[in-house]
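Q: Next one to model:
(2 chains)
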Amino acid sequence: MNEKYNFTAIEEKWQKHWEEKKIYKAEPSKEKPKYYVLEMFPYPSGNIHMGHVRNYAIGDVIARYKRMKGFNVLHPIGWDAFGLPAENAAIKHGIHPAIWTKSNINNMRKQLKMCGFSYDWDREVATTHPDYYKWEQELFIKMYKKGLVYKKSSNVNWCEHCNTVLANEQVEDGSCWRCSNEVEQKELDQWFYKITDYADELLDFTNKLPGWPERVLSQQRNWIGKSFGQKIKFPLESDKTKYIEVYTTRPDTLMGVTFMSIAPEHPLTKELISNAPNRAEIEAFIEDVKKEKAIDRQAENYEKKGFFTSSYALHPVTEEPIPIYIANFVLATYGTGAVMAVPAHDQRDFEFAKKYKISMKEVIKGEANRDKTLSDYTEAFTEKGTLVNSGQFDDLNFDEAFNDIAVYLESRSLGYRAVQYKLRDWGISRQRYWGVPIPMLYTEDGTEAANIEELPVILPLDVEYNITSGNLLDTIESFKNTTHNGKPAKRETDTFDTFNESSWYYARYTSPRFDDGILNPEEANYWLPVDQYIGGIEHAIMHLLYARFFHKLLRDEGYVDCNEPFTNLLTQGMVTKFDEKTGRAAKMSKSLGNTVDPTEIIKNYGADTARLFILFAAPPERDLEWSDNGVEGSFRFLNRVWRLVGQKFQQAITTQQVDFNSLNQNNKKIVVATNKMIKKIHSCFDEFHYNTAIASMMELTNMLYSFEEDSESTPYIKYAIETLVCCLNPFAPHMASELWQELGHSEDLDFVPFPQYIEKFTIDDTVTIVFQVNGKVRSKEDLPLNSTQEEAINAALNDPIVQKYLDGKEIIKKISVPNKLVNIVVK
RNA sequence: GCGAGAAUGGUGAAAUUGGCAAACACACUGGACUUAGAAUCCAGCGCCGAGAGGUUUGGGGGUUCAAGUCCCCCUUUUCGCACCA
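A: The predicted structure follows:
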């Protein structure tokens, strides 16, 4: 074999082999258990960077490992190809988004192939293809007909810079998640998916999913934000047929209500302030608050302000008049937009009452306020406790009061138990050109869905891309004006939020060319759910929640049987890069312009080195600040393996069989070292700790270099070398495949069974026992495995160094941990 | 403020149930080979100390024969949520 590790030739050779022989093509089969491993598909931004390499290397290691473990592996890839950057590039460089996207895909496909990832390329999808988005449109129409899609005019998050609407999930700190521009409120007609219908099921899963990181589950739980409370009606004093309804999670404090606060956007504000002497002032206040930007209203030091409306509501139990305030901190979009204020037991109400000199009433007693009276309060007492000053509800605890008050109010039609979510319906309309057209039409008869036989509604590509603001699609008359069932019609010109496409691609991969429906249920049910999903933590809420939602839509349409799309989730840490300007490390991304292209590394060291290096640098879940220090180390290791095989070549191609029964002491060392490595690799794979798996291969390599052969060593050397090559395959598949072939094997290494360890050979015959005196290591000695505690203690007591430390002392205690240590405690 | 995680040599990091801290690498130092370099190989490498030895996992306390690991308090830091009534 060649003395030199010629990675360029080797990598080209095997990539060609894999592609021509379609080695990684996946077909359903009953002979093997299936395993679906998936990495989040990329947005085709132009070039892959080390963050991609990390993500896809992790997935590829799993795919290759599982293939060798005898699984029928599905490992697909595709392109999340609609989205804003293509439009920005179009504006900037005058290239049509379709052309820009296509050329990026071609480039990135080439780069991914250069990395040697074992994808089934026959299943590649691009979301921009009408054969893909056609089914998304169909699903949308089906959901529309089912009542799970609706249109409403609403105040939406608007990014002026991106010229489009944003979902709540896409607003970060009051700013656009893409461009960081300030988000404004705008009244627009929008299409919504009724994700709230599935809130309970989406939440339920977060409480029982073992294969997902707790971090992601708790974020989703938090986002869904389910709470239990009651809705309570407070009739208006001026007109008892009208009332203000509040939502509260603390109905036990009902008797402590001393005022009410309502949001400035509340529909009754106008009526309530009609008799206020300072009506003009209040109106101005309301207008000011409405104009305030979301980011300002969320600010930490946002001043709580309010005005008395001069109107009163009646307490539902006592019928006492309760003053109604308009307050700028009451959210219009949560609950009913109105709050029953209990200043003694809610911090916000407490501050508000202090500021406007509103009375308070203490109705809950607990440990912390046992000996306090209201005048001692410096803050609200918000814990649960026992009711006081609450008339008929006195002495009840929280649960009793919750129930009794609900029963009381329900019997009088003044309230009812209610569940509230923070999660809102998913607004999916985007005023963008480069997206999937929403397949709806407006005719003289009203809003109608496109006929399913007429799908797809194709995004017209034949356009001059020269518009810099507004929705381009809206200006294309030939698209806009059409007919529907013989009637003149105007098409909806908004497009889907691109999170729609990424919400079901994992399912489409199971039957990507199926043209009789969104999925072929047979194939979908063979492959789904995804056994291992891998991607960035930044998708913890949006993508992973939407995909789970879509999966339930697909399930309820009968396409899939399982309830959840992704059984196990691995959230890999970000690859960051230090920025001289900010003095901080930031996530590697095209938009920040801090990417490191792996092409150089591949050119200089090969793809195997690049993959090995990124996996060796840190465990997958940890963030990794980019530095190429250490690339050479991984390269050096592969060279060492290459030379080792060359050096031991004659032994490694022997036809002698290993005989574990006639092992001599010397050769047992190789067998034990090899089995220890296999065992270690298995446990590393269970935890995704590829860095330590690689370290254990390095250890075996080092051991084999220093091993002194005897006349019987040959078959054991062969055993060790072949094992090493097999274990290396998931990490450095080109080199491993080449070595495997060099060693005389004609079958593809991809399906060679992954080495199994023999338990009895994972343990040495002797173990080093540490001798401690008073917990400090003083000496050590090799003793036979499983020596008795007595033997170990005697060995320690006979050790001259130990004796030195025992001299003149009284032995209090002798502790022996089998195969580990002896600790002599002296005084 | 609330919730979850993290903190170990010059660097990336490792360490089943509490049981030899620093595996495996990078960088560095010295040496071999070489006209020289590259590559490779050998040796050293937490800190203090010439050495014996002492000491070390963000800081402080505790439990234990024994703590990076368990408990309490604190600091720093990352992420998420943040008027959700």
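
Q: from here on, contacts and neighbour counts on C-alpha atoms
A: Noted.

Q: Excluding sequence neighbours, find me the nearest residue to the residue in the stretch 401-550 of chain A that RNA strand B sits nearest to.
A: Of all residues in the stretch 401-550 of chain A, A:Lys422 sits closest to RNA strand B, with a separation of 4.2 Å (CA to the nearest atom of the strand). If the residues on either side of it in the chain are set aside, A:Lys422 comes closest to A:Gly225, at 4.8 Å by CA to CA, 6 or more residues apart in numbering.

Q: Thought A:Arg424 was touching the one you found, still the case?
A: No: using CA atoms under 8 Å, A:Gly225 is not in contact with A:Arg424, being 10.1 Å away.

Q: who's more crowded, these two?
A: Shown here are A:Gly225 and A:Arg424; by other CA atoms under 10 Å, A:Arg424 has more neighbours (20 against 14).

Q: in what helix or strand does that one lie?
A: Secondary structure from DSSP states H and E places A:Arg424 outside every helix and strand.

Q: That one: what's it in contact with?
A: Listed by CA atoms under 8 Å, 6 or more residues apart in numbering, the contact set of A:Arg424 reads A:195-196.

Q: Next one: it from A:Lys30, what distance?
A: 43 Å (CA to CA, to the nearest Å).

Q: Over to A:Trp504?
A: On the measure of CA to CA, A:Trp504 and A:Lys30 end up 25 Å apart.

Q: just A:Thr692 next, same as before
A: 34 Å.

Q: Give the residue from these two that has the larger number of neighbours.
A: Shown here are A:Thr692 and A:Lys30; by other CA under 10 Å, A:Thr692 has more neighbours (20 against 9).

Q: which ones are touching that one?
A: Remark: with contacts taken as CA under 8 Å, 6+ apart, A:Thr692 is in contact with A:616, A:681, A:684.

Q: Going by distance to RNA strand B, which of the residues you listed wins?
A: Ranked by distance to RNA strand B (CA to the nearest atom of the strand), these are led by A:Phe616 at 6.9 Å.

Q: Just name the shakiest helix or strand of chain A by mean pLDDT.
A: Averaged element by element with mean pLDDT, DSSP states H and E, chain A has its least confident helix or strand at helix A:294-297 (a mean of 65).

Q: counting contacts, what elements does the next helix or strand after that one pack onto?
A: Note on helix A:294-297: by DSSP H and E, the next helix or strand toward the C-terminus is strand A:306-314. Judged by 3 or more CA pairs under 8 Å, 6 or more residues apart in numbering; DSSP states H and E, strand A:306-314 is in contact with strand A:227-235, helix A:269-272, strand A:321-327.

Q: where does strand A:306-314 sit relative to the chain's centre, distance-wise?
A: A distance of 46 Å separates the centroid of the chain from that of strand A:306-314, by CA atoms, centre = their mean, to the nearest Å.

Q: With stretch A:57-65 instead?
A: In terms of CA atoms, centre = their mean, the centre of stretch A:57-65 is found 19 Å from the chain centre.

Q: Please see if it touches RNA strand B.
A: No: with CA under 7 Å from any atom of the strand as the threshold, stretch A:57-65 lies outside contact range of RNA strand B, at a closest distance of 14.6 Å.

Q: And for that stretch, what's in contact with it?
A: Residues from elsewhere that reach stretch A:57-65, judged by CA under 8 Å, 6+ apart: A:37-39, A:73-75, A:117-118, A:534, A:611, A:615, A:620, A:729-731, A:750, A:754.

Q: can you tell me which helix in chain A is longest?
A: helix A:665-687 (DSSP state H).

Q: Would you indicate which residues of stretch A:623-640 are buried?
A: Neighbour counts using 16 or more other CA atoms under 10 Å place A:624-626, A:631, A:634-635, A:637-640 of stretch A:623-640 among the buried residues.

Q: now the residues you listed in JSON lines, with pLDDT and distance to A:Gln741?
A: As requested, those are exported to JSON lines (pLDDT from 0 to 100; distance: CA to CA, whole Å):
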{"residue": "A:Leu624", "pLDDT": "86", "distance to A:Gln741": "35"}
{"residue": "A:Glu625", "pLDDT": "85", "distance to A:Gln741": "37"}
{"residue": "A:Trp626", "pLDDT": "85", "distance to A:Gln741": "35"}
{"residue": "A:Val631", "pLDDT": "90", "distance to A:Gln741": "26"}
{"residue": "A:Ser634", "pLDDT": "93", "distance to A:Gln741": "22"}
{"residue": "A:Phe635", "pLDDT": "94", "distance to A:Gln741": "21"}
{"residue": "A:Phe637", "pLDDT": "95", "distance to A:Gln741": "20"}
{"residue": "A:Leu638", "pLDDT": "96", "distance to A:Gln741": "17"}
{"residue": "A:Asn639", "pLDDT": "95", "distance to A:Gln741": "17"}
{"residue": "A:Arg640", "pLDDT": "94", "distance to A:Gln741": "18"}
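
Q: Which strand residues bridge the residue in chain A that RNA strand B sits nearest to?
A: Closest residue of chain A to RNA strand B, CA to the nearest atom of the strand: A:Thr248 (2.5 Å). On the basis of DSSP bridges, A:Thr248 is bridged to A:Gln230.

Q: Just give the nearest non-adjacent residue to A:Cys684, would you?
A: A:Ala693 (5.6 Å).

Q: and if you look at A:Glu410?
A: Distances taken as CA to CA, 6+ apart place A:Tyr416 nearest to A:Glu410, at 5.4 Å, with adjacent residues excluded.

Q: quick one, phi/psi of that neighbour?
A: Backbone geometry at A:Tyr416, expressed as degrees, to the nearest 10, gives phi -160, psi 160.

Q: from memory it sits against A:Ile232, does it?
A: Yes: taking contact to mean CA under 8 Å, the distance of 6.7 Å between A:Tyr416 and A:Ile232 places them in contact.

Q: that older thread, show me the contacts for the residue nearest to A:Glu410.
A: When the contact criterion is CA under 8 Å, 6+ apart, the partners of A:Tyr416 are A:230-232, A:406, A:409-410.

Q: Is it possible to get CSV of those residues that adds pLDDT, distance to RNA strand B and neighbour count?
A: Formatted as CSV, those follow (pLDDT from 0 to 100; distance: CA to the nearest atom of the strand, whole Å; neighbours: other CA atoms under 10 Å):
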residue, pLDDT, distance to RNA strand B, neighbour count
A:Gln230, 94, 8, 22
A:Lys231, 95, 9, 22
A:Ile232, 95, 10, 27
A:Ala406, 95, 14, 22
A:Leu409, 95, 16, 20
A:Glu410, 95, 17, 14
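
Q: With distance to A:Val770 as added columns, please give those in TSV.
A: Compiled in TSV, the contacts of A:Tyr416 are given as follows (distance: CA to CA, whole Å):
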residue	distance to A:Val770
A:Gln230	65
A:Lys231	68
A:Ile232	70
A:Ala406	68
A:Leu409	73
A:Glu410	73
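
Q: Check the contacts of A:Thr692 for burial and list the buried ones.
A: Restricting these to buried positions leaves A:616, A:681, A:684, with burial counted as 16+ other CA under 10 Å.
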